[in-house]
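Peer 1: quick one, what's the 3D model for this:
(one chain, ligands or ions: 1)
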Amino acid sequence: MNRPFLSKILWATGSILFFGCSPTLPRVDSTSLLSIRATRPWATIEGLGEGRHLYASRCGSCHGLPKISSHSPEEWPHLVEWMAPKAKLDTTQTRQLLDWVLSVR
Ligand code: HEC
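Peer 2: Purely as a prediction, here's the structure:
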């Protein structure tokens, strides 16, 4: 096996790991930030990004990643509060995760 081939494989593997992380979850943009700020004024782009990341990394290990659209904006706060201890989220992480869920719901 020659070197350029090996480095192509490494690059491909790396980009799958890097870009392949839950591409289907809605991304955070300035529109979602503006709409969530109406009800959750503390939200920031960074916090929403962190919430999205937490959702992707902590909420799919016991069951599949729940679809955001499968629960209403009224149900989500209770579900997140119920699941937060299971996912070992602290209060800041719980808030960021819920901010993100509601910003894309
Ligand atoms: C330690 C395991 C575990 C982790 C981590 C976990 N859950 Fe759960 N989740 C459960 C269990 C157990 C149930 C209850 C299933 C039942 O009784 O139907 C559940 C149920 C749910 C439900 C309701 C099921 C439905 O009908 O849609 C939602 C929504 C949910 N979890 C979201 C989340 C979210 C969001 C996170 C991340 C914050 C999360 N879960 C992390 C174990 C976990």
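
Peer 1: and stretch 62-73, what's buried?
Peer 2: residue 68 (16 or more other Cβ atoms under 10 Å). Just so you know, the C-beta spots here come from the backbone N, C-alpha and C atoms, and that holds for glycine as well.

Peer 1: give me the number of residues near residue 27?
Peer 2: Number of residues near residue 27 (other Cβ atoms under 10 Å) recorded here: 10.

Peer 1: ramachandran angles for residue 63?
Peer 2: Phi and psi for residue 63, reported as degrees, to the nearest 10, are phi -130, psi 180.

Peer 1: which positions in the protein make contact with the ligand?
Peer 2: Neighbours of the ligand within the chain, by Cβ under 6 Å from any ligand atom: 58-59, 61-63, 66, 70-71, 79-80, 83-84, 86-87, 97.

Peer 1: out of the residues you listed, flag the one nearest to residue 48.
Peer 2: residue 97 (9.6 Å; Cβ to Cβ).

Peer 1: tell me the confidence at the closest one?
Peer 2: Note for residue 97: predicted pLDDT of 98.

Peer 1: okay, now the unreliable bits of this structure?
Peer 2: By pLDDT under 70, the weakly predicted segments of the chain are 1-23.

Peer 1: element containing the residue nearest in space to the middle of it?
Peer 2: With distances taken as Cα atoms, centre = their mean, residue 52 lies nearest the centre of the chain, 2.0 Å away. Taking DSSP states H and E as the criterion, the element that holds residue 52 is helix 45-58.

Peer 1: what sits up against that helix?
Peer 2: With contact meaning Cβ atoms under 8 Å, 6 or more residues apart in numbering, helix 45-58 is reached by 21-22, 25-28, 30, 32-33, 36, 65, 87-89, 93, 95-101, 103.

Peer 1: do the same with stretch 27-34
Peer 2: With Cβ under 8 Å, 6+ apart as the criterion, stretch 27-34 contacts 26, 43-45, 48-49, 52, 100, 103-104.
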